[in-house]
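In: with the input below, show me the fold.
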Amino acid sequence: MLDRKMYTFACLVQTSSYTATAQQLFVTQPAVTQQIKALENELGLALVSYEHAQLTITPAGQQLADYINKIDHESQKLLMQLQTPAQPIIKLGCTRSLSAFLLTSVLQQLQAQGQQIRCQIANTDTILKALTAGTIDFGLVEGNFDKNKFASIRLRREPFIGVTFANNPLLKQQQPLTLNKLLTQTLLVREPGSGTREIFANWLTMQNAQIMDFKQVIEIATPTPIIQLLTAGCGISFMYQSLVTTELAHGQLVKLPVRGFELQHEINLVYPKDSYFAAQYQAIAAQVIQ
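Out: I've put the predicted structure just below:
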């Protein structure tokens, strides 16, 4: 188990305030300051600094806080499994896009095993932050992640396509479509922090363009309203093909024939690197891949 100084420091990183940390831990502010200084002396590391009267966590301090959160979460999870082996609880996170076509199969696998389940749905950035903070066990993500911090298991590769409504005049123009033609359209796009948005933004960067170059940009935090707007005759968007399988099959939406746009992206089960529970996560992934 970690000692009190470690927990105090992790709390300080979370609150970014000595006062808030003291209030949360029901101790005095000088006691928090003393514990942080004692921890720095013990480790021989600078964990915090002040710049312009602003508390800043050093890179070493952030790494230590991530480690503390990981160890604390995994120790609590292990104790819970030992104390209540008949009712294990698993906490997972899933991105909003994947919740529409992958999450159900994962939940069915866990439910069949008798797991108690808690599921968080958010964008890629939020899911990765939850993993770092230790509030979830693993995440289902399609966005990029730091391979130095997280281990992963590839579940599948998914086509990433451009789509629009069936009678969009854009489709009557010479094909394949150029980026300049796309820029004349209204772009429906996910919010910053979304893995879907990041994939498309990275492709645009390679074409020396950016999202705000489109005639009009509408940001929406979940894929369902984007698909509904597309089928109603509004704009273009870029997303995973599995999100619009039905709409494509029924002719409500059409794949955009964009020059040089042939993308696939990995969908991964992501968990903390060197996790004690890696074998459990690998077993879950194996069931999903089947």
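
In: burial count for Ser275?
Out: Number of residues near Ser275 (other CB atoms under 10 Å) recorded here: 19. Just so you know, the C-beta spots here come from the backbone N, C-alpha and C atoms, and that holds for glycine as well.

In: look up the closest residue to the residue most central in space within the chain, ignoring the ones flanking it.
Out: Nearest to the mean C-alpha position of the chain, by CA atoms, centre = their mean, lies Thr124 at 1.9 Å. Among residues not flanking Thr124 along the chain, Gly143 sits closest, at 3.2 Å (CB to CB, 6 or more residues apart in numbering).

In: next, count neighbours for that neighbour.
Out: Applying other CB under 10 Å, we find 24 residues neighbouring Gly143.

In: would you confirm that it contacts Ala122?
Out: No. Taking contacts as CB atoms under 8 Å, Gly143 lies outside contact range of Ala122: 11.4 Å.

In: intersection of neighbour lists for the two?
Out: Common contacts of Gly143 and Ala122 (CB atoms under 8 Å, 6 or more residues apart in numbering): Thr95.

In: could you pull out the helices in the stretch 51-200 of the chain for me?
Out: Assigned by DSSP state H, counting those that start in this stretch, the helices in the stretch 51-200 of the chain fall at 59-83, 96-99, 103-112, 124-133, 179-182, 195-206.

In: pick out the shakiest of the ones you listed, pLDDT-wise.
Out: In terms of average pLDDT, helix 59-83 trails the rest of those, at a mean of 83.

In: can you report phi and psi for Glu262?
Out: Dihedral angles of Glu262 (phi, psi; degrees, to the nearest 10) stand at phi -130, psi 80.

In: how close does it sit to Pro159?
Out: Distance, Glu262 to Pro159, by CB to CB, to the nearest Å: 9 Å.

In: hang on, the earlier thing: TSV for the helices of the stretch 51-200 of the chain, including distance to Ala221?
Out: Shown next, in TSV, are those (distance: least, CB to CB, whole Å):
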stretch	distance to Ala221
helix 59-83	26
helix 96-99	7
helix 103-112	17
helix 124-133	11
helix 179-182	22
helix 195-206	10
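
In: for Ala279, find the nearest of those.
Out: Among the helices of the stretch 51-200 of the chain, helix 59-83 comes nearest to Ala279, with 12.9 Å by CB to CB.

In: quick one: buried residues of the closest one?
Out: By neighbour count with 16 or more other CB atoms under 10 Å, helix 59-83 contains the buried residues 61, 64-66, 68-74, 77.

In: among those residues, which one sits closest to Leu171?
Out: For those, the minimum distance to Leu171 (CB to CB) is 47.9 Å, reached by Asp66.

In: so who does the closest one touch?
Out: 132, 149.

In: related to what we said a few turns ago, closest to Leu179 among the buried residues of helix 59-83?
Out: Taking CB to CB as the measure, Asp66 is the one of these closest to Leu179, at 39.0 Å.

In: Lys91 contacts Ile136, correct?
Out: Yes. With contact defined as CB under 8 Å, Lys91 and Ile136 form a contacting pair (4.5 Å).

In: okay, these two: which has more neighbours?
Out: Neighbour count, other CB under 10 Å: between Lys91 and Ile136, Ile136 has more, with 24 against 18.

In: and the more buried one, backbone torsions?
Out: phi -130, psi 160.

In: right, and it touches Gly93 too?
Out: Yes. Contact criterion CB under 8 Å: Ile136 and Gly93 qualify, at 4.4 Å.

In: what touches both of those two?
Out: Here Ile136 and Gly93 share the contacting residues 120, 127, 130, scored by CB under 8 Å, 6+ apart.
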